[in-house]
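Engineer: how would this look folded up:
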Amino acid sequence: MGLVFETRLSDSPWVASVWTCRSERVAEMTSVATETWGLVFWEQQGLPCAAVTGPEVTTSTAPVPEGADFVGIQFAVGTSLRAVPATTLVDSGIVLPDVSSRGFWLDGDRWETPGADDAEALVERLVDQGVVVRDALVADTLRGLPAAITERTLERRFRAATGLTQGAVRQIERARTAALLLSAGSAPADVIDKLGYYDEPHLARALRRFVGRTARQLREGSEGAIALDVGQRTTS
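Structural biologist: Numbering: from 1, shown residues only. Predicted coordinates for the structure are as follows:
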């Protein structure tokens, strides 16, 4: 077994998902574009590390070192770090300093390093101290609720909260949903109809750009591990 990757949805309005990863040997994982930022904690050969990860606007291949254990928190769209402009995190990240097996530094304070089961408890403390903030209007707009502001102001709010344009957030979210549907066995024609793609070439371009898989590869579960499937176990 090379790589075991598991994710679960969260009940917290601040958290999209929590994931874990274990690498038994040197491996690679397809990193799918994401409209959200995250916190990642890992340990390799007894060395603990932590980082803030930013939104990713394209797919990429991420190396996973041998013998590493990861815990990740992927935050909900509309949340952001008080002290870090969201635009600076796009396709980037921040390695956090002075990490130990017990704690890490963020926004000038030391916090207890979480496990997968207490990730939401850490987020609750970060929210209570104002380290993580949220623009509820962004999330409401994505759910289809009308915004009582101009489109120009709404676009500025999206950029400030996510680092991305509203269009980019929607494109990435739609491509990820398409990939999940295809992975669950849906036919490409049904995905096109459900999500509003023009045709198969339009869907194929979105998958190539944001997911790094074809519809057939997703349906077959081929081409190795991929950081996508919520609630499923992926091995390679």
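Engineer: could you say what helices and strands the longest helix seen in the chain packs with?
Structural biologist: Ranked by residue count and defined by DSSP state H, the top helix of the chain is helix 166-183. Counting by 3 or more Cβ pairs under 8 Å, 6 or more residues apart in numbering; DSSP states H and E, the packing neighbours recorded for helix 166-183 are helix 136-142, helix 151-162, helix 188-195, helix 200-210, helix 215-220. All C-beta spots, glycine's among them, are computed from the backbone N, C-alpha and C.
Engineer: can you list contacts of it?
Structural biologist: Under the contact criterion Cβ atoms under 8 Å, 6 or more residues apart in numbering, helix 166-183 has outside partners 32-35, 55, 57, 77, 141-142, 154-155, 158, 162, 164, 188, 190-191, 194-197, 203, 206-207, 209-211, 213, 215, 218-219, 221, 228-230, 232.
Engineer: Can you flag the buried ones in those residues?
Structural biologist: Among the contacts of helix 166-183, those buried by neighbour count (16 or more other Cβ atoms under 10 Å) are 32-35, 55, 57, 77, 141-142, 154, 158, 162, 164, 188, 191, 197, 203, 206-207, 210-211, 213, 215, 218-219, 228-230.
Engineer: what mean pLDDT does the longest helix of the chain have?
Structural biologist: Helix 166-183 carries an average pLDDT of 95.
Engineer: chain center to that helix, what's the gap?
Structural biologist: Its chain's average C-alpha position is 12 Å from that of helix 166-183, according to Cα atoms, centre = their mean, to the nearest Å.
Engineer: Let's see that helix as PDB, backbone CA atoms only.
Structural biologist: What follows is helix 166-183, C-alpha atoms only, in PDB (Å, rounded to 0.1, in the frame of the first residue of the first chain):
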ATOM      1  CA  GLN A 166     -16.700  34.800  -8.000                       C
ATOM      2  CA  GLY A 167     -16.500  33.200 -11.500                       C
ATOM      3  CA  ALA A 168     -13.400  31.300 -10.500                       C
ATOM      4  CA  VAL A 169     -15.000  30.000  -7.300                       C
ATOM      5  CA  ARG A 170     -18.000  28.800  -9.200                       C
ATOM      6  CA  GLN A 171     -16.000  27.100 -12.000                       C
ATOM      7  CA  ILE A 172     -13.800  25.200  -9.500                       C
ATOM      8  CA  GLU A 173     -16.800  24.200  -7.400                       C
ATOM      9  CA  ARG A 174     -18.700  23.000 -10.400                       C
ATOM     10  CA  ALA A 175     -15.700  21.000 -11.700                       C
ATOM     11  CA  ARG A 176     -15.200  19.300  -8.300                       C
ATOM     12  CA  THR A 177     -18.900  18.400  -8.200                       C
ATOM     13  CA  ALA A 178     -18.700  17.000 -11.700                       C
ATOM     14  CA  ALA A 179     -15.700  14.900 -10.700                       C
ATOM     15  CA  LEU A 180     -17.500  13.600  -7.600                       C
ATOM     16  CA  LEU A 181     -20.600  12.600  -9.700                       C
ATOM     17  CA  LEU A 182     -18.400  10.900 -12.300                       C
ATOM     18  CA  SER A 183     -16.500   9.000  -9.600                       C
END
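Engineer: what's Arg102 in contact with, if anything?
Structural biologist: Glu112, Thr113.
Engineer: Flag the shaky bits of this structure, pLDDT-wise.
Structural biologist: Scanning the chain with the threshold set as pLDDT under 70 gives 1-2, 25-27, 229-236.
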